[in-house]
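Participant: build me a model:
(2 chains)
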2 protein chains.
Amino acid sequence: MTSRTEYEYEHDGAEIYRQSFATIRREAALDRLPADVAQVTVRMIHACGQVDLVDDVAFSEGVVGKARTALERGAPVLCDAQMVAAGVTRKRLPAFNEVVCTLNDPRTPDLAREMGTTRTAAALHLWGEKLDGAVVAIGNAPTALFHLLEMVAAGAPRPAAVVGIPVGFIGAVESKDALAASDLDFLVVRGRRGGSAMTAAAVNALASTAE
Amino acid sequence: MTSRTEYEYEHDGAEIYRQSFATIRREAALDRLPADVAQVTVRMIHACGQVDLVDDVAFSEGVVGKARTALERGAPVLCDAQMVAAGVTRKRLPAFNEVVCTLNDPRTPDLAREMGTTRTAAALHLWGEKLDGAVVAIGNAPTALFHLLEMVAAGAPRPAAVVGIPVGFIGAVESKDALAASDLDFLVVRGRRGGSAMTAAAVNALASTAE
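Facilitator: As a prediction, the model looks like this:
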């Protein structure tokens, strides 16, 4: 085994988590959030290293409770990107919930061409009836979030909650505003920030209150 | 198929990329970076939605060229986290390069206990000789980056380049400073920011200049 003389650092994973979360709770202005949203936000901040993320968090009333109830009842987690699915810690899920990402489904590219949209948006159609009561986690593509809203408006099954945290410069801001203006239960990060790590962190916090 | 009357947004994936990268090039102060590092930085900014990331990018001279040469010669990409590995776009890799993450290897938990460190750090020992000339991508755990430096100092094979972008509050800043002070070729984001999405984006940019 390698010697450890060169660097001084904390080696205990549990202690690293404890100190990280304590730093976040000390520095972030969490008191403007309900306790359950604050707990989810701590984990999202942990995933991006930025305590001012709290300023951009928006949510519908009771969304955390609704998402947790859905997960406890076995709802699947439907993800727009493989990275989001990869970031969901399976052992935190309360009911061996299915974690689904259909982006790499062999049917998706043809569907995208037919529909004239991105693969990420087309992939949502393969969720089918799983959407009913699901926890949706959009962490990459604004087009996926827009398309989800269109599907639900057109009569698709309604998810229990939507974690809508796409990142970027084209459509991210607008898609999150559109989700927040919809009648779905939602958790978003307003603005350009977001991404798969933050989104998976939110799902992991919804899945379990363990820190 | 669903109607699209409700929201106005760009549906063409290639056009979304083009507009995103154009926005980043317009807003980010990329001119302080060499052209090849700037190109990698554009993709990292794309992954986090923040153009001021450029202020925190640090690198060793020639690191982008060295990483690209290594990948063209078939070097593996060694990742500390499943999310980093999941975010590497396989078709961008120039030589069907192997993408390795040993965190979930069944030997890792016992190794971590023996070594008295995190699983993420212990997992690096399973890279073995693959480390020789590899592109290492650390996007999650400061302990993995510290441990990599210790391994190399103790005589482990030297990677061609290290993308060191762990995120967070405990050890992230210090581990990246330590990498930048080492004699390894590196690309880092100083400070607390980082994460698997940004790290995978950097690898994807090193793998191919295609936008």
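
Participant: output the lowest mean pLDDT helix or strand found in chain A.
Facilitator: helix A:119-122 (a mean of 90; mean pLDDT, DSSP states H and E).

Participant: what does that one contact?
Facilitator: Contacting residues not belonging to helix A:119-122 are listed as A:80-81, A:103, A:108-109, A:111-112, A:114-115, A:140-141, A:143-144, A:146-147, B:11, B:13 [C-beta atoms under 8 Å, 6 or more residues apart in numbering or on different chains]. Every C-beta, even on glycine, is put in place using the N, C-alpha and C of the backbone.

Participant: mind doing that once more with 6 Å?
Facilitator: A:80, A:108, A:111-112, A:115, A:141, A:143-144, A:147 (C-beta atoms under 6 Å, 6 or more residues apart in numbering or on different chains).

Participant: same question for stretch A:25-36.
Facilitator: A:38, A:45, A:51, A:54, A:64.

Participant: show me which of those is closest to B:Gly191.
Facilitator: Among the contacts of stretch A:25-36, A:Val51 lies closest to B:Gly191 (C-beta to C-beta), at 12.3 Å.

Participant: burial count for the closest one?
Facilitator: When neighbours are counted by other C-beta atoms under 10 Å in any protein chain shown, A:Val51 registers 21.

Participant: contacts only, for it.
Facilitator: A:27-28, A:45.

Participant: who wins on neighbours among the residues you listed?
Facilitator: That'd be A:Ile45 among those, by other C-beta under 10 Å, with 28 neighbours.

Participant: you'd agree that one is up against A:Val54?
Facilitator: No. Using C-beta atoms under 6 Å, A:Ile45 is not in contact with A:Val54, being 7.0 Å away.

Participant: buried ones in the host helix or strand of A:Ala22?
Facilitator: A:Ala22 is located in helix A:13-27, with elements delineated by DSSP states H and E. Neighbour counts over helix A:13-27 (16 or more other C-beta atoms under 10 Å in any protein chain shown) mark A:13, A:16, A:19-21, A:23-24 as buried.

Participant: and chain B, which of those reach it?
Facilitator: Residues of the buried residues of helix A:13-27 in contact with chain B (C-beta under 6 Å from any C-beta of the partner chain): A:13, A:16, A:19-20, A:23.

Participant: and chain A, which residues reach chain B?
Facilitator: Going by C-beta under 6 Å from any C-beta, the residues of chain A near chain B are A:1-3, A:6-7, A:9, A:11, A:13, A:16, A:19-20, A:23, A:49, A:82-83, A:86-87, A:115, A:117-118, A:146, A:150-151, A:153-154, A:167-171, A:192-193, A:195-197.

Participant: list buried residues within those.
Facilitator: Among these, the ones that count as buried (16+ other C-beta under 10 Å) are A:2, A:7, A:9, A:11, A:13, A:16, A:19-20, A:23, A:49, A:82-83, A:86-87, A:115, A:117-118, A:146, A:150-151, A:167-171, A:192-193, A:195-197.

Participant: quick one on the thing from earlier: nearest to A:Thr69 among the buried residues of helix A:13-27?
Facilitator: So of these, ranked by how close each gets to A:Thr69 (C-beta to C-beta), first place is A:Phe21, at 24.3 Å.

Participant: how about that closest one, what does it touch?
Facilitator: A:Phe21 touches A:42, A:211, counting by C-beta under 6 Å, 6+ apart.

Participant: that one and A:Val163: what is the separation?
Facilitator: 20 Å (C-beta to C-beta, to the nearest Å).

Participant: got it, and A:Leu53?
Facilitator: Distance, A:Leu53 to A:Val163, by C-beta to C-beta: 14 Å.

Participant: so between these two, which is more surrounded?
Facilitator: More crowded of A:Leu53 and A:Val163, by other C-beta under 10 Å: A:Val163, with 31 against 22.

Participant: looking at this, the more buried one is in a helix?
Facilitator: No. The assignment for A:Val163, made by DSSP: H, G, I helix; E, B strand; the rest coil, is strand rather than a helix.

Participant: wait, it sits on A:Asn140?
Facilitator: No. Assessed by C-beta under 6 Å, A:Val163 is found out of contact with A:Asn140, at 12.0 Å.

Participant: ranges for the helices of chain A?
Facilitator: In chain A, the helices defined using DSSP state H lie at A:13-27, A:35-48, A:63-72, A:82-87, A:108-115, A:119-122, A:142-153, A:172-180, A:196-207.

Participant: looking at those, which is buried most?
Facilitator: Neighbour counts (mean count of other C-beta atoms under 10 Å in any protein chain shown) averaged over each of the helices of chain A peak at helix A:196-207, with a mean of 28.

Participant: and the angle from it to helix A:35-48?
Facilitator: Here helix A:196-207 runs at an angle of 150 degrees relative to helix A:35-48 (axes from the mean of the first three to the mean of the last three C-alpha atoms, to 10 degrees).

Participant: in chain A, where is pLDDT below threshold?
Facilitator: Along chain A, the parts satisfying pLDDT under 70 run over A:1-5.

Participant: redo that, cut-off 80
Facilitator: A:1-6 (pLDDT under 80).

Participant: contacts only, for A:Ala197.
Facilitator: A:47, B:195-197 are the contacts of A:Ala197 under C-beta under 6 Å, 6+ apart.

Participant: and which of those is nearest B:Lys91?
Facilitator: B:Ala197 (18.3 Å).

Participant: how near is that closest one to A:Pro166?
Facilitator: 12 Å.

Participant: same thing with A:Arg90?
Facilitator: 23 Å.

Participant: can you pick out the residue with more neighbours from those two?
Facilitator: A:Pro166 (31 against 10).

Participant: mind checking the end-to-end distance for stretch A:167-183?
Facilitator: Stretch A:167-183 has an end-to-end distance of 22 Å (C-alpha to C-alpha, to the nearest Å).

Participant: chain center to that stretch: distance?
Facilitator: 14 Å (C-alpha atoms, centre = their mean, to the nearest Å).

Participant: give me the residues contacting it.
Facilitator: A:58, A:142, A:145-146, A:149, A:164, A:166, A:186, A:188, A:190, A:192, A:194-195, B:9, B:16, B:19-20, B:23, B:49.

Participant: and what of stretch A:77-90?
Facilitator: Contacts of stretch A:77-90 (C-beta under 6 Å, 6+ apart): A:97, A:99-101, A:120, A:127, A:134-141, A:144, A:196, A:199-200, A:203-204, B:82-83, B:86-87.
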